[in-house]
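Asks: Give the three-dimensional model of this entry:
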Amino acid sequence: MTDVFVYTTPNDERSQPLIEALIVEYETRYGNFYGEPARNELSRYPAELFAPPHGAFLLLIRDGQTIGGGAFKRYDEQTAELKRIWTHTDLRQQGLARKVVTELEEQAARQGYTRIYLTTGFRQPEAKELYLRSGYTALFDVNADPEVYRHLPFEKDISALAAQLSKVAASASSDRDLLRQAG
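Replies: Residues are numbered from 1 along each chain as shown. The predicted structure follows:
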C-alpha cells in the first residue's frame, strides 16, 4: 500500500471521487442551510484558480484510488486560501487529512506564500479540531456556539517554512551548478 500525492486539476477524472464525496458531505451536514445546493459551492471557482503559479490542486492516491485531497488558491499576495480538504469517509482518523494539509502548506510556501487562510463550516467539528491541532489560529471565539459564525476562519503563518524551503531550494540549485561545473 503506497500513498502518493498527485498535483492535477479539479477537471481530472481522478478528482471526481473527491468532488462527489464533498457534495454528499456538504448536503448531509448542511442541507439547504446556505440556500443553494452544495454543487454550486464546489463549482463557484474556476479550475484555473487552483493551478500554478497562484494555486494548486492535490490528490492523495493509494493503489490507484483517490483517498484524499485538497487545494489552495490565491487569497492575496502573501496568502494562500486552503479549499476542499477531504479524506475518504472509510479512512478518517488515520492522519490523512493532516498529511494533505501539510503537503499543501509546503507547496504554498514553495510558491512564495507566507500565510495560509481557510474557513470551514460550523457543522464540521473534525475540521475545526484538525486545524487547531495543526497550528492554525482561530479567527473566532472557539468557546462560542459555532453556528453563530456560519463559517469558521483560521490562519497560519508559514513564513518560517517558506524561508526554510527557499533556503533548501537555493542550496539544491547551488549544488546543481557545482555539478555542472565539475562535469
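Asks: going forward, measure contacts between C-alpha atoms and count neighbours the same way
Replies: Will do.
Asks: Grab the longest strand from this protein for me.
Replies: Looking across the chain with DSSP state E, the single longest strand is strand 65-76.
Asks: tell me what that strand is packed against?
Replies: helix 16-30, strand 56-62, strand 79-87, helix 96-110 (3 or more Cα pairs under 8 Å, 6 or more residues apart in numbering; DSSP states H and E).
Asks: And the next helix or strand after the first one, what's buried?
Replies: Same thing as helix 16-30. On the C-terminal side of helix 16-30, the closest following helix or strand by DSSP states H and E is helix 38-42. Buried residues in helix 38-42, defined by neighbour count with 16 or more other Cα atoms under 10 Å: 38, 42.
Asks: Give me the contact list for helix 38-42.
Replies: The contact list for helix 38-42 (Cα atoms under 8 Å, 6 or more residues apart in numbering) reads 19, 23-24, 26-27.
Asks: Can I get the buried ones among those as something I can paste into PyMOL?
Replies: Remark: buried members of the contacts of helix 38-42, expressed as a PyMOL selection using 16+ other Cα under 10 Å:
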select buried, resi 19+23+26+27
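Asks: ok, of the contacts of helix 38-42, which one's closest to V168?
Replies: Checking the contacts of helix 38-42 against V168 with Cα to Cα, the nearest one is I19 at 34.1 Å.
Asks: Roughly how far does that closest one sit from Y113?
Replies: With the distance defined as Cα to Cα, to the nearest Å, I19 ends up 25 Å from Y113.
Asks: just I85 next, same as before
Replies: 18 Å.
Asks: ok, these two, which is more surrounded?
Replies: A count of neighbours by other Cα atoms under 10 Å puts Y113 above the other of I85 and Y113, at 25 against 21.
Asks: Give me the three-state assignment for the more buried one.
Replies: State at Y113, reduced to three classes by DSSP: H, G, I helix; E, B strand; the rest coil: coil.
Asks: where are the low-confidence patches of the protein?
Replies: 170-183 (pLDDT under 70).
Asks: let's see 50
Replies: 183 (pLDDT under 50).
Asks: Next up, the contacts around R115.
Replies: Here R115 is in contact with 78-80, 155-159 (criterion: Cα under 8 Å, 6+ apart).
Asks: So which of the contacts of helix 38-42 is the closest to P146?
Replies: Using Cα to Cα, the contacts of helix 38-42 come closest to P146 at Y26, 16.3 Å.
Asks: Y45: neighbour count?
Replies: Y45 has 11 neighbouring residues, counting by other Cα under 10 Å.
Asks: Mind telling me what element it is part of?
Replies: Residue-wise, Y45 maps onto no helix or strand under DSSP H and E.
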